[in-house]
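Colleague: here's my sequence, what's the structure:
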Amino acid sequence: MKSKYTDPKNNKNQQASPYGRGSYECFPAFPIEQGTMLRGYEALAERIKSAIPEGLRTLMIDGYQGVDWQTFRRHLDGQLQELGITAEWQDLRSCWADPAVIRQRMEPFMGGEDRVFGSHYPFAAEIFFDAKKMADLRIHAAIARGRAAGHLTIFYGCGAGLLELWDELWYVDFPKDRAQCEARSNRPLSIGESEPLPFETYYKRSYFIEWPALNRLRRILLPYIDCFIDGQFVEQPAALAGEHFRQALHQLSETPFRVRPWFFPGPWGGKFMQGHMGLDPQQPNFAWSFELIVPENGIILQQENRQLEFSFDWLMAQESERMLGREAARQFKYEWPIRLDYLDTIDGGNLSTQVHPRPDYIRRQFGETYTQDETYYIVQAKPDARVYLGLTKTCDPAAFRKALEEAINTGKEIDMDTYVHCEPSKVHDLFLIPNGTVHCSGAGNLVLEISATPYIFTFKIYDYLRRDLEGKLRPINIERGFDNIRFERRKDWVRQNLLAKPQLLRKGKGWREALLYDQPFTFYTIRRAEFATEFRTDTAGRALAINLVEGERINIIAANGRRTTLRYLESMVIPAATGRIQMINEGQTECKVVLVSVKPGIGVNLPLNDPQDG
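Modeller: Here you go, the predicted structure:
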């Protein structure tokens, strides 16, 4: 498993970063025992051959955005012919609606001229297809199913499962980060389009329309999938029988595990992650980690020397209640609500000055179900590092807005310290950033961002007139920002309410647990366990997202006996169904683990946010 920006075998990263390689694992895998993981087209063709005498006549192969369908078909057809099997292939692209029709259907959800934001599309993949053409192809499938055994018709492409009339259903998955790399390389990925779209358009269309639509279809198809295929390495795909894939999802729902993180450079990015995580030294920096941003993370399954990756969405589709617990699943449905990621400004620059939308604003404007409340946990900091949080005592909103607009119009930089309050930052500080709070990380920090899962709803109001890595000025949203800023949040209020003050919850011999954050601003709480030897806890029916913020390495033992290793700065998901957990320190120094969970009562008798924060 190797991405454009991550190379775990790279030991020369000091050329690009002065920060040494840590033990961080970029490609964690979850071992499975049930079933046999297949590899390559020969194994897939053999599966088809063995199924034909059992009545296989119509095979429908659905899949996600990004799959290289033509290469997949060419290789599989070649292997079938080697076995003496002639298949009739039906490409779902023949049923696409006209591109102009698709764009017209999408228009209400694309946000007009806004470069970043649209609104969530509420239905499944039918939006991409011509209904009459699909009906004709469905008739074709019905006729094919009526033939004698030995006649094979394969319907393939995104949306094949909509035809319903399968003897077997396969699904080809594709990771969202790899799709984005392909899109940046001008490969056409948007459904219904034969030419690549500009990346901003591609991503907005994917985030608000294509991914939600395909996810809804996946939830419908999941119980019926006979073969699950990882399509990211199209020359040598990995596959697992559908029943064994579903068994793996069930095992994951009661066991601590890590997702596959991925990383991306940015104009303000720093150098710490590039060194510690062993990332591509040819990149200028690394700004973001998708450490645990589950709408875009994958999970790797491993069996001996074989691996298969799938999107986290599948796990939530099947095991939402076991993952979240009954109360939280009632509230969040199929969404994992907690996000962990890194913002690296060490040897970089300040982030953009920004604000996140109020709860009802994000619902009405973008169709999200909850807002982007954040916190900054400082895991590395230079001596002069700062975090900007709230407004200064003397900030005049009208003068602030005028200065921001003049900066755009004249290209003249402004002194942010005049308007935005700042606090010094040091390791293990926690800064609370509920929606509506103006904020940014200053240079010199490695921030573990602990947040609600929504992750693109950042209204940048000032970005130092910087350009992105493609040379375009980054989008600024002053009007949206000022619609959401809470101007009462100034220096004194910030110091009283937004600087975490740890409170001891419980302690024992060699360990203690402190509460860092439990306020009505957000639906989650943050605790920290500190221990020399071991720490024990129980999920008590609530999921946890954790991170080892100090220490070398811990061994986590779940109630089902599974053991998992967590290293410094790695994050982990602990499903609600896990139950008892034992954390054992395997290093030489004290460990500190941050534990994030949904509050008890959310989804029952507590609102997601302070009722006054609508």
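Colleague: just say helix, strand or coil for residue 505.
Modeller: Reduced to three states with DSSP: H, G, I helix; E, B strand; the rest coil, the structure at residue 505 is strand.
Colleague: grab the nearest non-local neighbour of it.
Modeller: Excluding its sequence neighbours, the residue lying closest to residue 505 (CB to CB, 6 or more residues apart in numbering) is residue 513, at 4.7 Å. Where C-beta positions appear, they are placed from N, C-alpha and C, glycine not excepted.
Colleague: just to be sure, the one you found is in a strand?
Modeller: Yes. Under three-state DSSP, residue 513 sits within a strand.
Colleague: any idea what it is bridged to?
Modeller: Beta-bridge pairing for residue 513 (DSSP bridges): residue 506, residue 529.
Colleague: count the residues that sit near it.
Modeller: 18 (other CB atoms under 10 Å).
Colleague: you'd agree it is up against residue 525?
Modeller: No. Using CB atoms under 8 Å, residue 513 is not in contact with residue 525; the gap is 11.9 Å.
Colleague: got the domain boundaries for this structure?
Modeller: 31-247, 262-298+328-497, 503-613 (automatic domain parsing).
Colleague: quick one: which of those is nearest residue 313?
Modeller: domain 31-247 (5.3 Å; CB to CB).
Colleague: could you check how far residue 212 is from residue 425?
Modeller: Plainly put, residue 212 is 36 Å away from residue 425 if you go by CB to CB, to the nearest Å.
Colleague: list the contacts for residue 532?
Modeller: By CB atoms under 8 Å, 6 or more residues apart in numbering, the contact set of residue 532 is 510-511, 585, 590-591.
Colleague: give me the pLDDT value at it.
Modeller: Per-residue pLDDT puts residue 532 at 97.
Colleague: use 250 as the first number for this chain going forward.
Modeller: Let's use 250 as the start, then, which means that last one is residue 781.
Colleague: need the domains of the chain in JSON lines (columns: distance to residue 272).
Modeller: Listed next are these as JSON lines, based on distance: least, CB to CB, whole Å:
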{"stretch": "domain 280-496", "distance to residue 272": "19"}
{"stretch": "domain 511-547+577-746", "distance to residue 272": "9"}
{"stretch": "domain 752-862", "distance to residue 272": "5"}
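Colleague: packed most tightly, which of those would that be?
Modeller: Of the domains of the chain, the one with the most neighbours on average (mean count of other CB atoms under 10 Å) is domain 511-547+577-746, at a mean of 20.
Colleague: what's the end-to-end length of that one?
Modeller: With CA to CA, to the nearest Å applied, domain 511-547+577-746 spans 33 Å between its terminal residues.
Colleague: now stretch 640-653
Modeller: End-to-end distance (CA to CA), stretch 640-653: 14 Å.
Colleague: hmm, who's touching it?
Modeller: Residues contacting stretch 640-653 (CB under 8 Å, 6+ apart): 663, 666-670, 687, 710-711, 725, 727, 731, 734, 736, 738-741.
Colleague: run the last query once more with 10 Å
Modeller: Stretch 640-653 is contacted from outside by 602, 661, 663-671, 686-687, 710-711, 725, 727-728, 730-731, 734-743, using CB atoms under 10 Å, 6 or more residues apart in numbering.
Colleague: what of stretch 301-308?
Modeller: Stretch 301-308 has contacts (CB under 10 Å, 6+ apart) with 296-300, 325, 332, 334, 336-339, 389-405, 409, 412, 414-419, 475-476.
Colleague: what about that stretch, distance to the chain center?
Modeller: Centroid displacement of stretch 301-308 relative to its chain, using CA atoms, centre = their mean, to the nearest Å, is 37 Å.
Colleague: end-to-end on that stretch?
Modeller: Terminal-residue distance, stretch 301-308 (CA to CA): 10 Å.
Colleague: again with stretch 625-644
Modeller: Here the two ends of stretch 625-644 are set 23 Å apart, with distance taken as CA to CA.
Colleague: off-centre distance for that stretch?
Modeller: 26 Å.
Colleague: what does stretch 524-542 give?
Modeller: 15 Å.
Colleague: just the CA atoms of it, as PDB, please.
Modeller: The C-alpha coordinates for stretch 524-542 follow below in PDB (Å, rounded to 0.1, in the frame of the first residue of the first chain):
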ATOM      1  CA  GLY A 524      10.200  13.600   9.200                       C
ATOM      2  CA  HIS A 525       8.400  11.800  12.000                       C
ATOM      3  CA  MET A 526       6.000   9.900   9.700                       C
ATOM      4  CA  GLY A 527       8.600   9.200   7.000                       C
ATOM      5  CA  LEU A 528       6.700  11.000   4.200                       C
ATOM      6  CA  ASP A 529       7.700  11.800   0.700                       C
ATOM      7  CA  PRO A 530      10.900  14.000   0.900                       C
ATOM      8  CA  GLN A 531      10.200  15.400  -2.500                       C
ATOM      9  CA  GLN A 532       7.200  17.300  -1.300                       C
ATOM     10  CA  PRO A 533       7.700  20.900  -0.100                       C
ATOM     11  CA  ASN A 534       6.000  20.200   3.200                       C
ATOM     12  CA  PHE A 535       3.100  18.400   4.800                       C
ATOM     13  CA  ALA A 536       0.200  20.600   6.100                       C
ATOM     14  CA  TRP A 537      -2.600  18.200   6.900                       C
ATOM     15  CA  SER A 538      -3.000  14.600   8.000                       C
ATOM     16  CA  PHE A 539      -6.200  12.700   7.400                       C
ATOM     17  CA  GLU A 540      -5.400  10.800  10.600                       C
ATOM     18  CA  LEU A 541      -9.000   9.900  11.400                       C
ATOM     19  CA  ILE A 542     -11.300  11.800   9.000                       C
END
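Colleague: name the nearest of the contacts of residue 781 relative to residue 702.
Modeller: Each of the contacts of residue 781 was scored against residue 702 by CB to CB, and residue 840 proved nearest at 26.2 Å.
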